[in-house]
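Colleague: Please work out how this folds:
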Amino acid sequence: MTTPHLAPSPEPFFTPDPKSAAHSRIADFARWAARHRGAEEIQDPTDYRALHHWSVTDLEGFWAAVWEYFDIDATTEYERVLAEETMPGARWFPGATLNYAHHALRNLQPDAPAITALDETGAGYEITGRELRSRVASVAATLRDLGVGQGDRVVGYLPNTPHAIIAFLATASLGAVWSVCGQDYAPKAAADRFAQLEPTVLITADGYLFNGTAHDRRTASLELVRALPTLKATVLVDHVGLAWPEGGDAGPTVAWEDAATRVEYLTIAPVPFDHPLWVVFSSGTTGVPKGIVHGHGGVLLEHLKMLGLHSDLGSGDRLLWYTTTHWMMWNLVVSTLLTGATTCTYDGSPAPHARPDILWELAARHKVTLFGTSPQYLLAMAKLGIEPSAHDLSAIRVIGCTGSALPASAYPWVRDHVGVGVQLASTSGGTDVVSGFAGSASTTPVWAGELSAPSLGVALAAYGETGSPVLDQVGELVVTRPMPSMPLYFWNDPDGSRYRDAYFGAYPGVWRHGDWITLTSHGSVIVHGRSDATLNRNGVRLGSADIHDVVERLPEITEALVIGAEEPDGGYWMPLFVVLAEGVGLNDSLRDRIRDAIRAGASPRHVPDEILAVPALPHTKTGKKLEVPVKRLLQGAPAEQVLNPAAVDNPDLIAYFARLGADRNKRSSHHT
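Modeller: So this is what the prediction gives:
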């Protein structure tokens, strides 16, 4: 693969203030590890590379240090840290019993906000630590009365509001298993996920807010109930003020107000370290979504590391990260509570037409210290001419960004329009490990367009064509040693074959994630895009993200997607699809500007064969571009074999791209 922007990098775009870095939690942890865990190679607590090297060469020492530093409260102690290192099948902390919910509630200040609930109207309310514990106790008692026991499944069809967090913590406290998806999923799409789990209880809301509209989901909720025959009861949440119909065929129901306002004592069940905590699902774009199961202990340690160390969160901090409940970022947002910080939920559009800067307004009003978002959001803010610094954002220390590669152009925009001292922390990970493989910390420099470093405890490597590590070259993202939050297993995969094939089929015993990355000699990580969407032009591999980065900087372009499609006659077609800004037309002049920008910002090899304007691009529900499915549609594959419409944000686009493919194939056949 060509790597046009891998010339030796200049000085970092951002360097942490030395005093702030030295007083960060990650530096304090490094000092603690050097004193108490024998990490002698850490001479300087702000030397991230030394800390990371120790964390991956002494896995047991590092994860034992995380356990002790964060004072994990186990009912029974572990026998050893890592009993079996083979992947898949690594066994972490055997013998230990604990509970995630206990740790999520124990550090909260009784009278300080644990959750701040916000929405796109600007309204909000707070739930204190004492109130959260009380509501979790009440809902847990309700679930127990409804027949939920250890190992049973409770599912939520809910927007990003405190109801979802309370229901999850109540479920976890019982040792039951949680799963949730947003209400923009159709009932069938939700049932495709939840029916696999054979849930005992469903918790569902009357609707959700988006772009000035309250979307009524009462009928959808009742349809979902009918699709889940194992339900013993349904808990009905009154969120947007719509009256639930009485009677009907919903089966036994309980009002949320009744479920959450009982006076109960919270009893939390200790469970084994690897007891299932939740099931998160793959996007399901090409079939029934895969249920990915994570455990109490692995998530607890991984999220304390990510949020407590990498994100420097603790008591007094506030996190606001735009997410939906079916994106793994929701799971990480909930885990803010583990650190004693306040987590903010948000129901609505990230940029509603009436108030496109509402998230910045809310961040200012609530003194948010970590603001999280996506590359698409930051690029959209720049193109809309939004000025975040019109609000008082002085509390923000870090802008977190994930979901796709963040282009270099976004970095100066954040500096100039959010704040000079704000660290822009681009991260990359996945639902698979419900965490990150690479990102930033308070002690790491930032290079524009690059992730600062591999995450602690992540033995990250880039494998070249020979299956060996490469530096300053593009390779497959692999993880060579286990992480505690790797999946326990896939749901309904009794022999583990689907799990092994998903991650370990290419390199036995080594996790292959499916991304192209470059590990640079100055320690950073560059993400080039999905390896299964690699462009291969005349034998030269190209990263799609390198083209998207350049094109999406142009003010006339809202979004771009490049595809490389092999053709039956041996040819190779590489079109670029662009979504144009309002009022812009695609003419020869704009096409020339796009080609010139790609030639200068990437390389001549990256210039597409055609540039085509399209009304929109299809994404997963979590906003990822559907590169491979679009490629297959353009190659003429039947739509029903390529994409599950329920997993796409705009199902009409499936037919649109299928028609494009059919028209091209007809022209090619006629020409032949």
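Colleague: Strands of the stretch 1-150 of the chain, start to end?
Modeller: 82-84, 91-92, 97-98, 113-119, 124-128 (DSSP state E, counting those that start in this stretch).
Colleague: For D347, find the nearest of the ones you listed.
Modeller: strand 113-119 (4.4 Å; Cβ to Cβ). Yep, even glycine has a C-beta here, placed from its N, CA and C like the rest.
Colleague: helix, strand or coil for G523?
Modeller: Under the three-state scheme (DSSP: H, G, I helix; E, B strand; the rest coil), G523 adopts coil.
Colleague: Wait, it touches R49, no?
Modeller: Yes - look at G523 against R49 with Cβ atoms under 8 Å: they come within range, at 5.5 Å.
Colleague: any residues in contact with both of the two?
Modeller: A453 (Cβ atoms under 8 Å, 6 or more residues apart in numbering).
Colleague: So which of those two has more stuff around it?
Modeller: Taking neighbours as other Cβ atoms under 10 Å, G523 and R49 compare with G523 leading, 16 against 13.
Colleague: where does that one sit relative to P12, distance-wise?
Modeller: 10 Å (Cβ to Cβ, to the nearest Å).
Colleague: following the helix-or-strand element of the chain with minimal mean pLDDT, which helix or strand shows up next?
Modeller: For the chain, using mean pLDDT, DSSP states H and E, the weakest element among its helices and strands is strand 540-542, scoring a mean of 62. Downstream of strand 540-542, the next assigned helix or strand under DSSP states H and E is helix 544-551.
Colleague: Let me know the average pLDDT across that next one.
Modeller: In this model, helix 544-551 has a mean pLDDT of 82.
Colleague: same thing with stretch 115-129?
Modeller: Mean predicted confidence for stretch 115-129 is 97.
Colleague: List the buried residues of it.
Modeller: For stretch 115-129, the neighbour count (16 or more other Cβ atoms under 10 Å) marks 115-120, 126-129 as buried.
Colleague: Any chance of CSV for these, columns distance to H23?
Modeller: CSV is the format used below for the buried residues of stretch 115-129 (distance: Cβ to Cβ, whole Å):
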residue, distance to H23
I115, 27
T116, 26
A117, 31
L118, 30
D119, 35
E120, 36
E126, 28
I127, 30
T128, 28
G129, 25
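Colleague: Farthest-apart pair in these, please.
Modeller: Top of the distance list for the buried residues of stretch 115-129 (Cβ to Cβ): E120 and G129, 26.3 Å.
Colleague: Apart from its chain neighbours, what residue comes closest to T15?
Modeller: Once flanking residues are discounted, T15 sits nearest to P445: 5.0 Å by Cβ to Cβ, 6 or more residues apart in numbering.
Colleague: burial measure for that neighbour, as a count.
Modeller: Neighbours of P445 under the rule other Cβ under 10 Å: 19.
Colleague: Please apply the same query to D357.
Modeller: Look at D357: counted by other Cβ under 10 Å, it has 18 neighbours.
Colleague: which ones are touching it?
Modeller: 351, 381, 386-388, 390-391.
Colleague: which residues of this protein score low on pLDDT?
Modeller: For the chain, the stretches with pLDDT under 70 are 1-9, 247-248, 284-287, 532-534, 536-543, 568-571, 666-672.
Colleague: who does the top helix by length along it touch, helix- and strand-wise?
Modeller: Longest helix of the chain, by residue count under DSSP state H: helix 652-671. Applying 3 or more Cβ pairs under 8 Å, 6 or more residues apart in numbering; DSSP states H and E, we find helix 652-671 packed against helix 627-634, helix 639-642.
Colleague: mind listing what's buried in it?
Modeller: 653-654, 657-658, 660-661, 664.
Colleague: Of the contacts of D357, just the buried ones, ChimeraX syntax please.
Modeller: This is the ChimeraX syntax for the buried subset of the contacts of D357, where burial follows 16+ other Cβ under 10 Å:
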select :351,381,386,388,391
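Colleague: now, which of the contacts of D357 lie within helices?
Modeller: Counting by DSSP H, these contribute M381 to helices.
Colleague: helices and strands around the helix or strand that contains L209, which ones?
Modeller: Here L209, judged by DSSP H and E, is contained in strand 207-210. Under the contact definition 3+ Cβ pairs under 8 Å, 6+ apart, strand 207-210 sits against strand 213-216.
Colleague: residues making contact with the helix or strand just after the strand it packs on?
Modeller: Using DSSP H and E, the helix or strand that follows strand 213-216 in sequence is helix 218-226. Helix 218-226 has contacts (Cβ under 8 Å, 6+ apart) with 157, 183, 186-187, 190-191, 194, 202, 204-207, 231, 234, 236, 242, 244-245, 248-251.
Colleague: one more time with 6 Å
Modeller: For helix 218-226, contacts defined as Cβ atoms under 6 Å, 6 or more residues apart in numbering pick out 157, 187, 190-191, 204, 206, 234, 242, 250.
Colleague: Quick one: name whatever helix or strand follows that helix.
Modeller: strand 233-237.
Colleague: Next, the angle from that next one to helix 218-226.
Modeller: Going by axes from the mean of the first three to the mean of the last three Cα atoms, to 10 degrees, strand 233-237 is angled at 160 degrees with respect to helix 218-226.
Colleague: Endpoints of stretch 105-120, how far apart?
Modeller: Across stretch 105-120, the terminal residues are separated by 27 Å (Cα to Cα, to the nearest Å).
Colleague: what distance separates it from the centre of its chain?
Modeller: From the chain centre to the centre of stretch 105-120 is a distance of 22 Å (Cα atoms, centre = their mean, to the nearest Å).
Colleague: same deal with stretch 310-322?
Modeller: 16 Å.
Colleague: Check which residues of that stretch are buried.
Modeller: Buried positions in stretch 310-322, judged by neighbour count with 16+ other Cβ under 10 Å: 310-313, 317-322.
Colleague: And the longest strand seen in the chain, what does it pack against?
Modeller: The longest strand of the chain (DSSP state E) is strand 511-519. When contacts are defined as 3 or more Cβ pairs under 6 Å, 6 or more residues apart in numbering; DSSP states H and E, strand 511-519 sits against strand 474-479, strand 525-530.
Colleague: what about 8 Å?
Modeller: Secondary-structure packing of strand 511-519 (3+ Cβ pairs under 8 Å, 6+ apart): strand 428-430, strand 460-463, strand 474-479, helix 497-504, strand 525-530.
Colleague: how about the ones you listed in CSV, adding mean neighbour count and distance to A39?
Modeller: Below are the helices and strands packed on strand 511-519 laid out as CSV (neighbours: other Cβ atoms under 10 Å; distance: least, Cβ to Cβ, whole Å):
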stretch, mean neighbour count, distance to A39
strand 428-430, 21, 24
strand 460-463, 22, 19
strand 474-479, 23, 21
helix 497-504, 16, 29
strand 525-530, 24, 23
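Colleague: To R593, which of those lies closest?
Modeller: Nearest of the helices and strands packed on strand 511-519 to R593, taken as Cβ to Cβ: strand 525-530 at 22.9 Å.
Colleague: quick one, that closest one and strand 511-519 angle?
Modeller: 120 degrees.
Colleague: What angle do strand 474-479 and strand 525-530 make with each other?
Modeller: Using the same axes, to 10 degrees: strand 525-530 against strand 474-479 is 100 degrees.
Colleague: Show me what strand 525-530 is packed up against.
Modeller: By 3+ Cβ pairs under 8 Å, 6+ apart, strand 525-530 packs against strand 435-439, strand 511-519, helix 544-551, helix 627-634.
Colleague: How far off centre is the third one?
Modeller: When C-alpha coordinates are averaged (Cα atoms, centre = their mean), helix 544-551 and its chain have centres 21 Å apart.
Colleague: list the helices and strands the helix or strand that that helix is followed by packs on?
Modeller: Going down the chain from helix 544-551, the next helix or strand is strand 557-562, by DSSP H and E. Secondary-structure packing of strand 557-562 (3+ Cβ pairs under 8 Å, 6+ apart): helix 375-384, helix 544-551, strand 575-580.
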